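1. Dropping a prediction and its sequence here:
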Amino acid sequence: MSLTIQQRFGVNSSLVNQELRIILSDLTAVGLEGSSPTADQILDAILQLSLLNQPQNAVDDPTIGIVVAESLLNKAFVQRGTTEAGKQIEYQKTVSSYVLDTITDYDPDNLVS
């Protein structure tokens, strides 16, 4: 079964009149704190929430259009740039989009649901 708007974006989220409303306090369930998060922090929290809320067998469910999965190499130490601040830890997730095999071009409108 496809995830709802609330399962993807938080219990108080809504989609009304072409406006998606995400309540940041809903994302504290996955660790997002603070009143002024960056776009990257919000996107990461949404991916984490999707992973948390999707069923264990999501990859085998033909009604779920987006599946977020932990990668086999979940955590790696990396150097980005040449400064000390470039020593970072990379956490990997795989995001898969599913469309019917009769569709030749990827378009979000064609995701299964």
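-> All right, it came through fine. Numbering: from 1, shown residues only.
2. Sheet partners, orientation included, of the top strand by length along the chain?
-> Longest strand in the chain, counting residues (DSSP state E): strand 66-79. According to DSSP bridges, strand 66-79 forms sheet pairs with strand 87-97 (antiparallel).
3. and the gap between the spatially most central residue of the chain and V68?
-> In the chain, the centroid-proximal residue (C-alpha atoms, centre = their mean) is L47; its distance is 2.0 Å. Note on L47: its distance to V68, by C-beta to C-beta, to the nearest Å, is 5 Å. C-betas here are computed from N, CA, C, even on glycine.
4. Quick check: neighbours shared by these two?
-> K93, V95 (C-beta atoms under 8 Å, 6 or more residues apart in numbering).
5. got the contact list for the helix or strand of the chain with the lowest mean pLDDT?
-> Ranked by mean pLDDT, DSSP states H and E, the weakest helix or strand in the chain is strand 66-79, scoring a mean of 88. Outside strand 66-79, the residues within contact range by C-beta under 8 Å, 6+ apart are 3, 47, 50-51, 54, 58-59, 86-98, 111.
6. For the helix ranked longest in the chain, list every residue counted as buried.
-> Assignment by DSSP state H gives helix 39-53 as the longest helix of the chain. For helix 39-53, a neighbour-count test (16 or more other C-beta atoms under 10 Å) marks Q41, D44, A45, I46, L47, Q48, L49, S50, L51, N53 as buried.
7. cool, and stretch 24-40?
-> L24, D26, L27, V30, L32.
8. any chance of those in TSV, plus distance to R80 and secondary structure?
-> Converted to TSV, the buried residues of stretch 24-40 look like this (distance: C-beta to C-beta, whole Å; DSSP: H, G, I helix; E, B strand; the rest coil):
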residue	distance to R80	secondary structure
L24	27	helix
D26	30	helix
L27	25	helix
V30	24	helix
L32	22	coil
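9. Narrow the contacts of strand 66-79 to those that are buried.
-> For the contacts of strand 66-79, buried by 16+ other C-beta under 10 Å: L3, L47, S50, L51, Q54, A58, Y98, L111.
10. nearest spatial neighbour of the fifth one, skipping sequence neighbours?
-> Spelled out, it's Q54. Nearest residue to Q54, sequence neighbours excluded (C-beta to C-beta, 6 or more residues apart in numbering): L3, at 6.0 Å.
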